[in-house]
Every structure is written in structure tokens, then in C-alpha cells.
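*Asks:* pasting the sequence and the predicted model now:
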Amino acid sequence: MITIAGAGLAGLACAYELAQRGAKVTVYERGNTPGDSSVARFAGGMLAPWCERESAEEEVITLGSRTFGWWAKITPVHRRGTLVVAPARDRAELTRFGRRTSGHREVNSAEITGLEPALGGRFSQGLFFEQEAHLDPRRALRDLSAKVQEMGVEIRYSTPAPARVTLDCTGMAASLPGLRPVRGEMAVLHCPEVKISRTLRLLHPRMPLYLVPRGDGYFMIGGTMIESSSDRAITLRSLSELLNAAFTLHPAFAEASVVETGAGLRPAFPDNLPRLTEQGGTLFLNGLYRHGFLLAPAMAQQAADRLIPETTDENHRERQTA
């Protein structure tokens, strides 16, 4: 029996990998529903390893480029790429972003219009990361929860984990040296007048912002790198920046309805990379930072390797091609 503390993104991903190897798994979750207490519910759901290289290590590309097929077996993945743009005054940010990343091509005003007609005439240059994708985080958590239960995993909601578990995936609730919170803030907008089909990143010298379509005229807009340990509601300053960014992308967002706002603390280590650590006989998977949906599959596979090492070449090949 393998016991896991936390039915958030990391805990469910690990349960999936372990169940695939035939393990009997029980997950303890203090919340009432999938992702109820997980910061992943505020995530953008961007599967964007090449964009993330702008401020992350090469390992993020190496691990994250394997994630598309993994998620596609569980939940809808929209592989329409990422379009990065900047206002004319911030064109230097676009040049800098391009130099620090790979896997993209430069696009001009006409090409931007071809990709996203709603942006026609608004931006003269951009970068298009054609291989990237996005998913709906909350649906993904629900689908992953349902999938692992179909595979025989028991999830005990509204149940604190015992003092000793096999695997701890509790994020900021874990007592690990060097773990720090990085605040993420978001808003969900409803604006049926705007038709956008892929993730947009708007470059800004102070804080890069992103907009992800959720379908039916709903969009999630967020900021990614706020160093703060405060778990209070979104601040007026941040909300203003998010809404201004939406307006910069398209003026019709001025009439959008603000459906939801939220803020959460993502766990991060000093190098901003996730890690597996062992402490007191428990294995900890933590530090997914802002790369949760991107890196959770690879890290869950590593955790499963530690707990149930694969012994046959056939199994290894199956996992590598999954």
C-alpha cells in the first residue's frame, strides 16, 4: 500500500503513475473535491516549455516537452501554440524574450492577424511558439481524479493524512528547508465579443502577463512572478494591471464581466525547479512553482521510479512513449 498526502496536481499525477504500475494507492485530501485546496486551481494551464525557458533552466524544456501526450490521455489539450506580443513601447522586451527562448518564429502584423483575427492591426511584431498548448486546469484536475479512481486509487476527501505517509505532495503545507511561496494572481473574464483561440503572452518590463481562452467567451488572465508570502485576496494594483493588460490586447475587454478573481501561493525552491527529497522516511514531491501542469507528469514518473522501480525494458519503452 502506498499512501499519498494531497490530492492536488502533484498527488493525483503520482497516483496515476503508481496505479499504472499496479500499486495499491490511497490518497488523503483535506478538501472536499478534486483540487479544492490546491493552488493549481488558479493556474493558467499553459503547456509552454519553450516560452518558460525565458526565465527557467533548460531542464524545464527537457521535462516539459514530454507532457503533451501524457495529458492528452486524461483531458482535452488544445495544441494551438502560444503567441507572444508587446506594445510598440515595449518592443525591446520582445527582442529580449526571443533571444532567451527557442522553438518560435517571428511573425509580422499580417501573420498575427492570420493567427488571431481579433488582434488585427494591434501589434506589428510577435513571436509564435507553434508547438505549445494549453488545458483547463480545473477540468484537468477533475478528469485526473476520475481517471485514477477508475484505476482503483482510493481518494479520501475531507480526511487529514496520517502522521506518516509514503509520499507527501502538500505544497506549501510541507515543512521543507528552502521552500518559499511565489504568489500567483488571476482573474476570469467573460467577453463573448472577443474571439481568441490560443494562449497570448503580453510582455511588460515589470511583470509578464498571459491570457488563456477557456471557451464560450471566457478567458483567464494572470501574472506569474510575484514574490510574496501573503495569501490575501488579489490586490487592487494587481487587478488593475491584469485588466489593463486585457484592454491592451483588445479594447472590447473594457466591457468584459469579471467573473472571478483569485490568488494562490505556489511552492518554489531557490532554483525554481521541482525536486524529490526524502525526510523522516517520507518522500516529498514539491516545488512545482509556476510549472505545475507542465512538469507534474515527469516529476510523477520520477517519484514512481523511486517507489516502484521499473525492471523491464518493455515497461521502460512504454513509459517513454506515453
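*Replies:* Received the coordinates, thanks.

*Asks:* next up, the contacts around residue 123.
*Replies:* 85, 86, 87, 109, 112 (CB atoms under 8 Å, 6 or more residues apart in numbering). Where you see a C-beta, it was placed from the backbone N, CA and C, and this is true even at glycine.

*Asks:* give me that answer again for 6 Å
*Replies:* Counting by CB atoms under 6 Å, 6 or more residues apart in numbering, residue 123 makes contact with 85, 112.

*Asks:* phi, psi of it?
*Replies:* The phi/psi pair for residue 123 (degrees, to the nearest 10) reads phi -140, psi 140.

*Asks:* do you know how far it is from residue 208?
*Replies:* Per CB to CB, to the nearest Å, residue 123 is found 15 Å from residue 208.

*Asks:* what about the strands in the stretch 101-250 of the chain?
*Replies:* Per DSSP state E, counting those that start in this stretch, the stretch 101-250 of the chain carries strands over the ranges 105-108, 125-129, 133-134, 154-157, 167-168, 180-190, 199-202, 209-215, 218-227.

*Asks:* got the buried residues for the fourth one?
*Replies:* Buried positions in strand 154-157, judged by neighbour count with 16 or more other CB atoms under 10 Å: residue 155.

*Asks:* what is that strand packed up against?
*Replies:* The contact analysis (3 or more CB pairs under 6 Å, 6 or more residues apart in numbering; DSSP states H and E) places strand 154-157 against strand 25-29.

*Asks:* the strand it packs on pairs with which strands?
*Replies:* Using DSSP bridges, the strands paired with strand 25-29 are strand 2-5 (parallel), strand 154-157 (parallel).

*Asks:* got the ones you listed as CSV, with mean pLDDT and distance to residue 239 columns?
*Replies:* Formatted as CSV, the strands paired with strand 25-29 follow (pLDDT from 0 to 100; distance: least, CB to CB, whole Å):
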stretch, mean pLDDT, distance to residue 239
strand 2-5, 98, 33
strand 154-157, 97, 31
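
*Asks:* dump those into CSV; add distance to residue 232 as well.
*Replies:* CSV is the format used below for the strands paired with strand 25-29 (distance: least, CB to CB, whole Å):
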stretch, distance to residue 232
strand 2-5, 26
strand 154-157, 26
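
*Asks:* residue 132 is nearest to which of the ones you listed?
*Replies:* Taking CB to CB, strand 2-5 is the member of the strands paired with strand 25-29 nearest to residue 132, at 29.6 Å.

*Asks:* among the strands of the stretch 101-250 of the chain, which comes closest to residue 15?
*Replies:* Among these, strand 154-157 sits nearest to residue 15 (CB to CB), with 7.8 Å.

*Asks:* need the contact partners of the closest one.
*Replies:* By CB under 6 Å, 6+ apart, strand 154-157 touches 7, 26, 27, 28, 29, 32.

*Asks:* try it again with 10 Å
*Replies:* 1, 3-4, 7, 11-12, 15, 24-34, 36, 145-146, 148-149 (CB atoms under 10 Å, 6 or more residues apart in numbering).

*Asks:* show me the shaky parts of the stretch 151-300 of the chain.
*Replies:* The model of the stretch 151-300 of the chain has pLDDT under 70 over residues 206-207, 224-230.

*Asks:* all helices for it, in order.
*Replies:* For the stretch 151-300 of the chain, the helices defined by DSSP state H, counting those that start in this stretch cover 236-249, 292-307.

*Asks:* got those helices as CSV, with mean neighbour count and distance to residue 140 columns?
*Replies:* Listed next are these as CSV, based on neighbours: other CB atoms under 10 Å; distance: least, CB to CB, whole Å:
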stretch, mean neighbour count, distance to residue 140
helix 236-249, 17, 22
helix 292-307, 23, 7
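
*Asks:* redo those as TSV? Include distance to residue 71.
*Replies:* Shown next, in TSV, are the helices of the stretch 151-300 of the chain (distance: least, CB to CB, whole Å):
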stretch	distance to residue 71
helix 236-249	26
helix 292-307	7
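
*Asks:* quick one: closest of these to residue 130.
*Replies:* Among the helices of the stretch 151-300 of the chain, the nearest to residue 130 by CB to CB is helix 292-307 (16.8 Å).

*Asks:* show me where the stretch 1-150 of the chain has helices.
*Replies:* 9-20, 49-52, 58-64, 67-72, 91-100, 109-115, 137-150.

*Asks:* would you mark the buried spots in the fifth one?
*Replies:* This means helix 91-100. Residues 93, 94, 97, 98 are the ones in helix 91-100 that count as buried (16+ other CB under 10 Å).

*Asks:* cool, and the longest one?
*Replies:* By 16+ other CB under 10 Å, the buried positions in helix 137-150 come out as 137, 138, 140, 141, 142, 143, 144, 145, 147, 148, 149.

*Asks:* show me the contacts for residue 211.
*Replies:* Per CB under 10 Å, 6+ apart, neighbours of residue 211: 44, 83, 189, 194, 196, 198-202, 219-222, 242, 245-246, 249-250, 253.

*Asks:* go on, residue 17?
*Replies:* When contacts are counted by CB under 10 Å, 6+ apart, residue 17 touches 23, 25, 70, 148, 296-305, 307-308, 319, 322.

*Asks:* understood, closing this out.
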